[in-house]
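>>> this is the structure alone, sequence omitted:
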């Protein structure tokens, strides 16, 4: 017979399940603790929100300038800058670390409260630059033309800093920096163009000198050649005349011998020579028609001897040839080349340089070129920095709400821990 178990021999039944009713009841019993922790953390959050350094945010937005604002610069003809290009240059200056550091160095009174012992000027600026400045630009993901081009600078700064003066001053500093860069570029371009013009004029002068020397050499060579040719021609003509005179003397010698042998002392004709033997009465009129050249000895020995004597004592035959006088005239003209003399007598040879007038005109225009870059309007300031109405951080209401939420969670957590550590009641 089995024995019946008594109630004292039964073991208590345990369960891992949490009784929500009991848990809520246990937490409700600790509501004072939860409220106290929540209030304490909320109070701490409130104190932090009230004591935390407020930070403000200001910004300045720039847009492209009007075309007329850059017309004077573009009208110079050596520097082209469109409104979009000017905006890009200004944006690059706003984003330039070196430009920001330069503004920081030149305006240290605006950042006096940032200085800390043990930090150099560059270290202080680097920390401030990383946290404070932000460049504003159109979203590159948007299609081109969907938004108007702009560039801007945003500054987040503590209450001790005059952010409005920093942003507006930095924008003006960047504009001045770009203007100085444009002025320097313009000066460099003008200087380079002037040097180029000087080089072109020097090259033209050298080319002119070489061309003049070549021309003078050609003219001198042509004159020398012509002089030699004329002297050769003159010598040939004189030799020809001398040979002709010698031949004439020989002809005269032969004719004189024939005339003496025929007894012709006076000039006569073949018909007269034959008629001397015929006697007739009365007056006779003779007419002789002959198309052949009469032999020289019919001139008579006296005339022939006189001519031979004259030819024998002649010292020059130049007067018998007109060409010799022409050669003498040409040789006389060749003694002085007036074109060479004119080339050598030029005092201002620059006047004969090709394109010199245009180069000088351009050089004079470049030297007289003046542009007041300080008044050059590179961009249009669409929005200047103005004093903000409230700080962007700390957001006090949000901090207090988050503190209360965290306090409530912390209070519940503490209450749960206390409840779990409380010993379980005995049956």
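All right, it came through fine. As the structure is a computational prediction, the values presented were derived from the model and not from experiment.
>>> and the contacts of stretch 176-194?
Applying CB atoms under 8 Å, 6 or more residues apart in numbering, the contact partners of stretch 176-194 are 73, 76, 78-79, 81, 86, 89-90, 93, 99, 102, 362-363, 366-367, 369, 371, 373-374, 376, 378. In this view, the C-beta of every residue, glycine as well, is placed from N, C-alpha and C.
>>> cutoff 6 Å now
The contact list for stretch 176-194, computed with CB atoms under 6 Å, 6 or more residues apart in numbering, reads 78, 79, 89, 90, 93, 99, 363, 366, 373, 376, 378.
>>> from those residues, which land in helices?
In helices, defined here by DSSP state H, the members of the contacts of stretch 176-194 are 89, 90, 93, 99, 363, 366.
>>> in JSON lines: those residues, plus pLDDT and neighbour count.
Formatted as JSON lines, those follow (pLDDT from 0 to 100; neighbours: other CB atoms under 10 Å):
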{"residue": "89", "pLDDT": "92", "neighbour count": "21"}
{"residue": "90", "pLDDT": "93", "neighbour count": "22"}
{"residue": "93", "pLDDT": "93", "neighbour count": "22"}
{"residue": "99", "pLDDT": "92", "neighbour count": "17"}
{"residue": "363", "pLDDT": "89", "neighbour count": "18"}
{"residue": "366", "pLDDT": "87", "neighbour count": "17"}
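>>> quick check, nearest of these to residue 383?
residue 90 (14.3 Å; CB to CB).
>>> that closest one against residue 379, yeah?
Yes. With contact defined as CB atoms under 6 Å, residue 90 counts as touching residue 379 (5.2 Å).
>>> that older thread, let me know the closest of the contacts of stretch 176-194 to residue 54.
Nearest to residue 54 among the contacts of stretch 176-194: residue 99, at 28.2 Å, using CB to CB.
>>> and the closest residue to residue 227 other than its chain neighbours, what's its pLDDT?
In space, and not counting its chain neighbours, residue 227 is closest to residue 334: 5.1 Å by CB to CB, 6 or more residues apart in numbering. Per-residue confidence (pLDDT) for residue 334: 89.
>>> residue 334 and residue 344, how far apart?
Per CB to CB, to the nearest Å, residue 334 is found 17 Å from residue 344.
>>> and the furthest pair within the ones in helices among the contacts of stretch 176-194?
For the ones in helices among the contacts of stretch 176-194, the farthest-apart pair by CB to CB is 99 and 363; their separation is 34.9 Å.
>>> what's around residue 91, how many residues?
Applying other CB atoms under 10 Å, we find 22 other residues in the vicinity of residue 91.
>>> was I right about it contacting residue 149?
No. If you go by CB under 6 Å, residue 91 and residue 149 don't touch, sitting 9.4 Å apart.
>>> name the residues of stretch 153-165 that are buried.
The neighbour-count check on stretch 153-165 (16 or more other CB atoms under 10 Å) flags 153, 154, 155, 156, 157, 158, 161, 162, 163, 164 as buried.
>>> what's the pLDDT at the last one?
The reference is to residue 164. pLDDT, read off for residue 164, is 91.
>>> from now on call the first residue 26
That works, and once the first residue is 26, the last one we named lands at residue 189.
>>> quickly find the element holding it.
For residue 189, the element it lies in under DSSP states H and E is helix 188-287.
>>> how about the third one?
Secondary-structure assignment from DSSP H and E places residue 180 in strand 176-183.
>>> now that strand against helix 188-287, angle please.
150 degrees (axes from the mean of the first three to the mean of the last three CA atoms, to 10 degrees).
>>> which other helices and strands does strand 176-183 contact?
Strand 176-183 sits against strand 80-89, helix 108-120, helix 146-157, strand 158-161, helix 188-287, with contacts defined as 3 or more CB pairs under 6 Å, 6 or more residues apart in numbering; DSSP states H and E.
>>> in its sheet, which strands sit next to that strand, and in what direction?
Here strand 176-183 has these sheet partners by DSSP bridges: strand 80-89 (antiparallel), strand 158-161 (antiparallel).
>>> ok, back up a step: among the contacts of stretch 201-219, which pair sits farthest apart?
For the contacts of stretch 201-219, the farthest-apart pair by CB to CB is 124 and 388; their separation is 34.9 Å.
>>> residues contacting the strand holding residue 180, please?
Taking CB under 6 Å, 6+ apart as the rule, strand 176-183 contacts 78, 80, 82-87, 112, 116, 119, 157, 159, 161-162, 188, 191-192.
>>> what of stretch 261-276?
Against stretch 261-276 from outside (CB under 6 Å, 6+ apart): 333, 336, 342, 346, 349.
>>> of these, which is the nearest to residue 71?
The shortest approach to residue 71 among the contacts of stretch 261-276 belongs to residue 349, at 132.6 Å (CB to CB).
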